[in-house]
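Asks: Dropping the sequence and predicted coords here.
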Amino acid sequence: SRAPPRLASPRPRSPPRPHSPARTGSMIYETTSALFRSFLKSSRNDDKRAHEGRQRAGPGEKASANKPASVVATEPRLRHDVFVADVRGVSLAFEVYHLREQLFAYVGGGDGRFADCAFAAKARTTGGSGGVAATTLLGTEVSARASTDCARRLALRSGKSIVVSVNLPAGAEALQDEAEKILIRHLRETHAIEGDVRELERALGAM
């Protein structure tokens with residue numbers, strides 16, 4: 001008689017491996033490795049240098065807790081002037097904004113009308129000679145003629161970019177020359193433009 005077949009004994013299963021973290025783009029350090037200790041030392045040195053740099057912060061840098069902040073006085077970048085002048089019995093309001101290379105001027109009556117506005121600036125041609133380019137910003141070319149002419153003359157005498165709005169009351173258009181002279185005197189007194197007042201007035205009258 002045949003002997004019964006021998007069954008193979010099952011192999012012992014090995015214990016499951018611990019789950020290893022998925023690899024990413026960043027490096028994973030063993031806390032006991034020399035590389036990890038070197039990384040910690042480098043980080044401490046960076047923090048120390050950053051702290052010392054904040055303590056030595058000078059002007060323009062962030063003040064540290066050991067150095068109080070200082071306040072430095074600076075010149076204002078924008079100056080605003082408003083005044084009223086009587087011209088042949090008509091009260092004219094003047095408003096001027098002074099910037100470093102620009103002037104914004106308003107001349108008008110007591111109604112505060114703002115209907116015309118023009119811009120002018122000195123331009124350089126290819127030949128090297130200087131000129132003035134002017135354009136109308138608000139209003140028609142005919143109605144804004146007073147603003148355009150005033151802006152062109154001021155740009156020529158001051159060398160700055162000029163925005164002017166001339167809105168004289170109805171029937172007072174003949175006062176434009178005197179209004180411009182008053183504006184010129186004010187700009188000269190505030191050092192917005194250079195030159196003798198009489199010389200500037202003669203130049204304006206000749207244009």
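Replies: Nice, I can see it.

Asks: Can you give me the domain boundaries for this protein?
Replies: With domains defined by automatic domain parsing, the chain comprises 31-73, 79-206.

Asks: Lowest mean pLDDT across those domains, which one is that?
Replies: Lowest mean pLDDT within these: domain 31-73, a mean of 59.

Asks: hey, where'd the helices end up in this protein?
Replies: Applying DSSP state H to the chain gives helices spanning 34-55, 145-158, 176-189, 197-206.

Asks: Correct me if wrong: residue 168 contacts residue 109.
Replies: Yes: if you go by CB atoms under 8 Å, residue 168 and residue 109 touch, sitting 6.7 Å apart. For the C-beta atoms, the positions are set from N, CA and C on the backbone; glycine is no exception.

Asks: who has more neighbours, the two?
Replies: Between residue 168 and residue 109, residue 168 has the larger neighbour count (other CB atoms under 10 Å), namely 20 against 15.

Asks: give me every residue that touches that one.
Replies: Residue 168 is in contact with 92, 107-109, 146, 175-176, 179, counting by CB atoms under 8 Å, 6 or more residues apart in numbering.

Asks: Tell me how far it lies from residue 94.
Replies: Separation of residue 168 from residue 94 (CB to CB, to the nearest Å): 12 Å.

Asks: between these two, what contacts are shared?
Replies: Here residue 168 and residue 94 have 107, 179 as joint contacts, going by CB under 8 Å, 6+ apart.

Asks: Just the buried subset of the contacts of residue 168, please.
Replies: Among these, the ones that count as buried by 16 or more other CB atoms under 10 Å are 92, 107-108, 146, 175-176, 179.

Asks: residues contacting residue 187?
Replies: Contacts of residue 187 (CB under 8 Å, 6+ apart): 96, 103, 154, 158, 193.

Asks: doesn't residue 162 make contact with the third one?
Replies: Yes: counting by CB under 8 Å, residue 154 does reach residue 162; the two are 4.6 Å apart.

Asks: What is the end-to-end distance of stretch 110-118?
Replies: One end of stretch 110-118 sits 20 Å from the other (CA to CA, to the nearest Å).

Asks: Provide the contact partners of it at residue level.
Replies: If you take CB under 8 Å, 6+ apart as the criterion, stretch 110-118 is touched by 91, 93, 106, 108, 134-139, 143-144, 146-148, 150-151, 163-167, 169.
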